[in-house]
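**Q** Task: produce atomic coordinates for the following.
(2 chains)
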2 protein chains.
Amino acid sequence: MKTTAEPMDLGQYFGERKKIVDEALDRYLPGESNFPQIIFKAVRYSLFAGGKRIRPILCMAAAEAVGGTLEGVLPVACALELIHTYSLIHDDLPSMDNDDYRRGKPTSHKVFGEAIAVLAGDALLTEAFYLMTKKESAVNVPPSARLEVIHDITKAAGFFGMVGGQVVDVSCQGKEVDLDTLHYIHSHKTGAMIFVSVKSGAVLSGASGRELQALSEYGRDIGLAFQIADDILDIEGNWELLGKETGVDESRGKITFPALIGLEKSRRRARDLVEKAVSAISFFDSKAEPLRRIAEFIIERRS
Amino acid sequence: MKTTAEPMDLGQYFGERKKIVDEALDRYLPGESNFPQIIFKAVRYSLFAGGKRIRPILCMAAAEAVGGTLEGVLPVACALELIHTYSLIHDDLPSMDNDDYRRGKPTSHKVFGEAIAVLAGDALLTEAFYLMTKKESAVNVPPSARLEVIHDITKAAGFFGMVGGQVVDVSCQGKEVDLDTLHYIHSHKTGAMIFVSVKSGAVLSGASGRELQALSEYGRDIGLAFQIADDILDIEGNWELLGKETGVDESRGKITFPALIGLEKSRRRARDLVEKAVSAISFFDSKAEPLRRIAEFIIERRS
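**A** Presented below is the predicted three-dimensional model:
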């Protein structure tokens, strides 16, 4: 880890962390030779489709910021990616967003059919909890803290988190939506899981009350900034970078931040949130440098 | 609890237990006035559609058989029903079994649309883990035992359990299937969750090694017997009792035990399994009487 005096190379950092996550996911997930093969093929197809691993990387960075180890949080970090991937597969279904491509590749249901795509999502969500409750996972963490973290994750993923956000998103398609509703969708559909990625890494690593409060603030702010940045990318991005049809949100009548408050105001809003997030963790030492840089990456990324 | 000398009234027993489960589910699940309403309506619609609550009742009966309390296992017992209900909603989807009715009522996607049906299933599965990891759940059970039980349940519900069984079932529609494959589908799709319902009640109640082994044997046997009985009912049942189109498995080319080995042999097979299950727990005292009677109910039920 570099000190603040010598700025870290964010590209290298992400590359190294992504490799750790990818290797762990490959190790944790059953191989494609298992029976029934098609479900393992389907799950691995979506899981290794080029995801940036933002959630696991945030979880690990939060752990390190409070003096924890990567090993202590790796199963939970990977479980967060399994939950994220399940949500993408189900979101892409014909009855939901009806997306044919994601990250430049045909979506799960286009390759494996709708039934297997539904089941691949179901399997990934179940496997996330399998992974988090394995005896070998988080061996140095007290079982009660592990239960607490799993509980937090169910809250972020369920009725009052990701599923709730997706329900409102689906229900609002083609309707006029105000800023409050848009904020609800974003904070629940994306924000909650980003928030809990940071929080779980901190809790599993024995964060103090003060650290936890600061990291929660950080997680909430970058969660919303992340989604605003996604909205902006959807307008500005191009196929080459995003691997999906851009501008689709608008054409489908989905409301985005730029559509509601304009592009410039959206950019400022995202920038303000990132500054707030970084300021919340200002009392952390250089071990929190990756968290600071990830916050900036979130609004600077081009894909 | 009655002794063996004075046979228990199974109808009354089921009625009382079902009431306990129904009331607990109603208490645990967020009300329909919560936002976004449609997901709570959808989840409650399927959850309170007349299910027999076999899995929670088995979990509670196993707990009592080893001297445990109902309260100690109630959240996990209810979580098992949430997982069962999620699987029914997803199984009924147009891309899966494409069923319009279940228990005499239109299926979730017929009432709420396909997107909400997918999300209702996702929410129920997530909520099951929410419930099992709540601080107030299983307060007298050591956290490590709670983690172990949740882990067992993920195994029964995931790749090598319920989802795996459904994958093979979906993949085999319209194809010729041998007895081994049919056995795989049944033991994974239904058997695994029945098995873990018994096992989780026992583990949470501090069963001894010998008790656990016997109850595992019992759970495995009645799990398969349950599905064979379902196959038989599908042929013999009628709309009034089952509330769904019977004979559909055959018309859809789904292979069932009666189709493969004949009705009489199927009945004998189910009967043999129940006898084996009851014999496995023969050394238990009268506290296991409900388990013995439930085993018989499984093959005697008319719906």
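
**Q** Please make it C-alpha for all contacts and neighbour counts, starting now.
**A** OK.

**Q** All the strands of the stretch 51-200 of chain A, residue numbers only.
**A** Ranges of strands in the stretch 51-200 of chain A, per DSSP state E, counting those that start in this stretch, are A:101-102, A:105-106.

**Q** Could you list the paired strands of the last one along with their orientation?
**A** According to DSSP bridges, strand A:105-106 has the following sheet partners: strand A:101-102 (antiparallel).

**Q** hang on, the earlier thing: just put the strands of the stretch 51-200 of chain A in JSON lines and tack on mean pLDDT and mean neighbour count.
**A** Output for those, formatted as JSON lines (pLDDT from 0 to 100; neighbours: other C-alpha atoms under 10 Å in any protein chain shown):
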{"stretch": "strand A:101-102", "mean pLDDT": "94", "mean neighbour count": "17"}
{"stretch": "strand A:105-106", "mean pLDDT": "97", "mean neighbour count": "16"}
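
**Q** between these, which one is nearest to B:Asp22?
**A** Taking C-alpha to C-alpha as the criterion, strand A:101-102 is the member of the strands of the stretch 51-200 of chain A that comes nearest to B:Asp22, at 41.5 Å.

**Q** what distance separates that closest one from the centre of its chain?
**A** Taking the mean of its C-alpha atoms, strand A:101-102 sits 17 Å from the chain's own mean (C-alpha atoms, centre = their mean, to the nearest Å).

**Q** can you check stretch A:140-152 too?
**A** The gap between the average C-alpha position of stretch A:140-152 and the chain average comes to 20 Å, counting by C-alpha atoms, centre = their mean.

**Q** Just confirm yes or no for it near chain B.
**A** Yes. Counting by C-alpha under 8 Å from any C-alpha of the partner chain, chain B has neighbours in stretch A:140-152: A:143-144, A:147-148, A:150-151.

**Q** ok, the residues you listed vs B:Glu32, which is closest?
**A** Nearest member of the residues of stretch A:140-152 next to chain B to B:Glu32, counting by C-alpha to C-alpha, is A:His151, at 22.2 Å.

**Q** check contacts around that closest one.
**A** B:129-130, B:133-134 (C-alpha atoms under 8 Å, 6 or more residues apart in numbering or on different chains).

**Q** Then A:Cys59?
**A** With contact set as C-alpha under 8 Å, 6+ apart, A:Cys59 has these partners: A:73, A:77, A:197-202.

**Q** mind putting the residues you listed in JSON lines, distance to chain B, neighbour count and pLDDT included?
**A** Rendered in JSON lines, the data for these read as follows (distance: C-alpha to the nearest C-alpha, whole Å; neighbours: other C-alpha atoms under 10 Å in any protein chain shown; pLDDT from 0 to 100):
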{"residue": "A:Val73", "distance to chain B": "16", "neighbour count": "29", "pLDDT": "95"}
{"residue": "A:Ala77", "distance to chain B": "17", "neighbour count": "30", "pLDDT": "98"}
{"residue": "A:Ser197", "distance to chain B": "16", "neighbour count": "32", "pLDDT": "98"}
{"residue": "A:Val198", "distance to chain B": "19", "neighbour count": "29", "pLDDT": "98"}
{"residue": "A:Lys199", "distance to chain B": "17", "neighbour count": "30", "pLDDT": "98"}
{"residue": "A:Ser200", "distance to chain B": "14", "neighbour count": "30", "pLDDT": "97"}
{"residue": "A:Gly201", "distance to chain B": "18", "neighbour count": "33", "pLDDT": "97"}
{"residue": "A:Ala202", "distance to chain B": "19", "neighbour count": "29", "pLDDT": "97"}
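
**Q** What separation is there between the residue nearest the centre of chain A and chain B?
**A** Note on chain A: the residue nearest the mean C-alpha position is A:Arg55, at 4.1 Å, using C-alpha atoms, centre = their mean. The gap separating A:Arg55 from chain B is 18 Å, by C-alpha to the nearest C-alpha, to the nearest Å.
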